[in-house]
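>>> next one to model:
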Amino acid sequence: MKKEDMNIVIVGHVDHGKSTLMGRLLADTGSLPEGKLEQVKETCRRNSKPFEYAFLLDALKDEQSQGITIDTARCFFKTEKRDYIILDAPGHIEFLKNMITGASRAEAALLMIDAKEGVQENSRRHAYMLSMLGIRQIAVVINKMDLVDYDQGVYETVKEEYLEFLKRINITPKFVLPVSSFMGDNIVKKSDKMPWYDGMNVLEVLDHFECEQPDENQPFRMPVQDVYKFTRNGDDRRIVAGTIETGKIKAGQEVVFYPSGKRSHVKNIEVFNADPITEGKPGMAIGFTMVEQIYITRGELMSISGEKEPKTASRISANIFWLGKKPLAPGKVYFLKIGAEKVKMEVEQVKGVIDSSNLSANETKDSVGKNEVAECILRTDKPIAFDLVEDIAGTSRFVIVDDYEIAGGGIITAALEDEEQQIRESTMLRNYKWEVSDVSVEDRIEHYAQRPNLLVLTGPDGTGKKKLAKLLERELMNRGRYVYYMGIGSYLYGVGADTKRVDEPDHKEQIRRFGEVANLMLDAGMILVVTATGLTQSDYKIMKTVVERELEVIWVGEELTTDISPDMQVPEKEYESSIQKIIGMLKENGFIFKA
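As a prediction, the model looks like this:
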């Protein structure tokens, strides 16, 4: 039976014994080539140098031709339970970048502290780094106990000081243990020099860390890459396609798509140019036909009903490695890509920054420079679906695009409350209860030669929004389009009448209901044109949560007077040119065709 594999990282202040511990683990677990330990000891004797276990690492680095599994970044050792890979983390750029982007993944960490020197600045920096990388399985190893005569009082003092600091950065170590790497105390066997300590040794601690579940045993996750409709030779299949990230799936199972919350049952599992298969597994590029025909868009995260659900939010806490030429900063719109989803994103707050070259921490910076790692709060313009890094690492990772280039990568560490949370929950319930028509979305698109779209014309009073909207409706109808203009008054004094109280209008509920009405009309396949004065980003996010189809915001006027990020801006009262510009956008984005 194949043993488990686990990646661990050992960090600590310079000269606190990290290399000695690594050398001891290699030697005492029989992971060295035969005769290597005696050879290094003999070399030290001939050069009149005292032997140190740290020398083993230097002696092995250039011996790849002899089959030695060690290099400057990794070394391997084994126990009866597991095969381990130790990732070296001296604070250099590549380690942090690889951890953030998933090129390497430490599942656990050992934090080294010198009992004699005590907690140093780098001891704090490395702990902060582990916190930002989302590593939660941590053991504090208080080393060099031989230099303090194995004094329990010294151990307890260092332990108390360090645990107090770790608590402030939300780290709770699973283990704290006293060792002497040089003397071999509590490394692979219990030391008789510290009878006051009755806990585990380093090797036992490592074997008590929990491995990440194999991909097949994790909850099912598949980012939806696309939905394909076939029409040739009587083939009427709609296939939801993507690559399985984790978990397994079989025909007949009920699936849920996030963040919409829409549900259906898997009819068949399709593969390219082959017969349907009975089960899908991680890594498979695959497609599904559904029993209940629901409207699904690219970017949703597919899961199985009854398994652990992914998170959905439009505010997230994330740790980011930034590579951009310009700093990552609040006040600018970026694109966040996670799975197959791409959304607009802004930085709400930079909570802390680490310089990746020397691990110096700065909690007062308000931007993130090149090669820095930062803990940030991000806001997306619509809800996204994801998992936390400690749950499923693959679906917690994202990249940030700035000026058409990937400028950073990150991992999501927390879903934060946002204003749309309650609305999102009600929208998911609506989708679950939705009565699906026998006329599919694709049927309507083909019949009307257009994709449904909500056009919101907003801006200050007196800019001619209503006239532009009505002229746009007329022009689109003259071109054979299924289109409708809905003024805000048509809604406010009808469906929204009870929300329009003179003393205290319920603005949030007005926007939610307005979105629900729009969603029904979009489901019917039309292009809906609406007007609203001074729409804000908060209004937009509520509407986007409720309306799960395309939504374009057009600002009418020369000056933006709210915080919204429009898709287009047109001058006031220049009707003909604005209409042509808007129709051009609809054509370019594929909302109208055959015209």
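>>> how about the helices of the stretch 351-500 of the chain, start to end?
For the stretch 351-500 of the chain, helices defined by DSSP state H, counting those that start in this stretch occupy the ranges 421-433, 441-448, 465-478, 488-492.
>>> could you export stretch 209-219 as PDB, CA atoms only?
C-alpha atoms of stretch 209-219 as PDB (Å, rounded to 0.1, in the frame of the first residue of the first chain):
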ATOM      1  CA  PHE A 209      -0.500  16.500  11.200                       C
ATOM      2  CA  GLU A 210      -3.400  15.700   8.800                       C
ATOM      3  CA  CYS A 211      -2.800  15.300   5.100                       C
ATOM      4  CA  GLU A 212      -5.000  17.100   2.600                       C
ATOM      5  CA  GLN A 213      -7.700  14.800   1.300                       C
ATOM      6  CA  PRO A 214      -6.900  13.300  -2.100                       C
ATOM      7  CA  ASP A 215      -8.800  15.200  -4.800                       C
ATOM      8  CA  GLU A 216     -11.200  12.300  -5.300                       C
ATOM      9  CA  ASN A 217     -12.300  12.300  -1.700                       C
ATOM     10  CA  GLN A 218     -13.000  16.000  -1.500                       C
ATOM     11  CA  PRO A 219     -16.400  17.600  -2.300                       C
END
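>>> give me the distance from it to the chain's centre.
When distances are taken as Cα atoms, centre = their mean, to the nearest Å, stretch 209-219 is centred 18 Å away from the chain's centroid.
>>> of all the residues in that stretch, which ones are buried?
Phe209, Glu212, Asp215, Gln218, Pro219 (16 or more other Cβ atoms under 10 Å). Using the backbone N, CA and C atoms, a C-beta is placed for each residue, glycine as well.
>>> tabulate these (TSV), appending secondary structure and pLDDT.
TSV is the format used below for those (DSSP: H, G, I helix; E, B strand; the rest coil; pLDDT from 0 to 100):
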residue	secondary structure	pLDDT
Phe209	coil	93
Glu212	coil	79
Asp215	helix	83
Gln218	coil	93
Pro219	coil	95
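>>> adding distance to Ser367 as columns, could you present the residues you listed in JSON lines?
Converted to JSON lines, these look like this (distance: Cβ to Cβ, whole Å):
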{"residue": "Phe209", "distance to Ser367": "36"}
{"residue": "Glu212", "distance to Ser367": "33"}
{"residue": "Asp215", "distance to Ser367": "36"}
{"residue": "Gln218", "distance to Ser367": "36"}
{"residue": "Pro219", "distance to Ser367": "36"}
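>>> which one among the residues you listed gets closest to Leu528?
Pro219 (36.8 Å; Cβ to Cβ).
>>> my read is that that closest one contacts Ile392, right?
Yes: Pro219 is within contact range of Ile392, at 7.0 Å (criterion: Cβ atoms under 8 Å).
>>> which residues are common contacts for those two?
Here Pro219 and Ile392 share the contacting residues Thr246, scored by Cβ atoms under 8 Å, 6 or more residues apart in numbering.
>>> ok so, going back, which of the helices of the stretch 351-500 of the chain sits most buried?
Ranked by mean neighbour count, the helices of the stretch 351-500 of the chain are led by helix 465-478 with a mean of 18 (mean count of other Cβ atoms under 10 Å).
>>> state the mean pLDDT of that helix.
Averaged across helix 465-478, the pLDDT comes to 95.
>>> likewise stretch 555-566?
The model assigns stretch 555-566 a mean pLDDT of 92.
>>> quick test: name the residue nearest the centre of the chain.
Ser396 (2.9 Å; Cα atoms, centre = their mean).
>>> if I look at that residue, how far off is Lys49?
47 Å (Cβ to Cβ, to the nearest Å).
>>> what does Gly480 give?
Applying Cβ to Cβ to Gly480 and Lys49 gives a distance of 89 Å.
>>> and these two? Which one has more around it.
Ranked by neighbour count (other Cβ atoms under 10 Å), Gly480 and Lys49 place Gly480 first, with 13 against 10.
>>> surely Pro173 touches Val140?
Yes: with contact defined as Cβ under 8 Å, Pro173 reaches Val140; the gap is 4.9 Å.
>>> shared neighbours of these two, which are they?
Shared contacts of Pro173 and Val140, counting by Cβ under 8 Å, 6+ apart, come down to Leu111, Leu163, Leu166.
>>> which element is the first one on?
In this case it means Leu111. strand 108-114 (DSSP states H and E).
>>> name the helices or strands packed onto that strand?
Contact partners of strand 108-114 among helices and strands, from 3 or more Cβ pairs under 8 Å, 6 or more residues apart in numbering; DSSP states H and E: strand 4-12, helix 18-28, helix 121-132, strand 138-143, helix 152-168.
>>> any chance of those in CSV, plus distance to Glu254, mean pLDDT and mean neighbour count?
Shown next, in CSV, are the helices and strands packed on strand 108-114 (distance: least, Cβ to Cβ, whole Å; pLDDT from 0 to 100; neighbours: other Cβ atoms under 10 Å):
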stretch, distance to Glu254, mean pLDDT, mean neighbour count
strand 4-12, 32, 84, 21
helix 18-28, 47, 81, 23
helix 121-132, 37, 79, 22
strand 138-143, 38, 94, 25
helix 152-168, 42, 92, 15
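>>> which one of those lies nearest to Gly184?
Nearest of those (Cβ to Cβ): helix 18-28, 6.3 Å.
>>> looking at the protein, which helix or strand is least sure?
helix 55-60 (a mean of 62; mean pLDDT, DSSP states H and E).
>>> what does the pLDDT read for Asn358?
Value for Asn358, per-residue pLDDT: 58.
>>> kindly report the same for Ala414.
92.
>>> could you measure from it over to Lys308?
For Ala414, the distance to Lys308 - Cβ to Cβ - is 16 Å.
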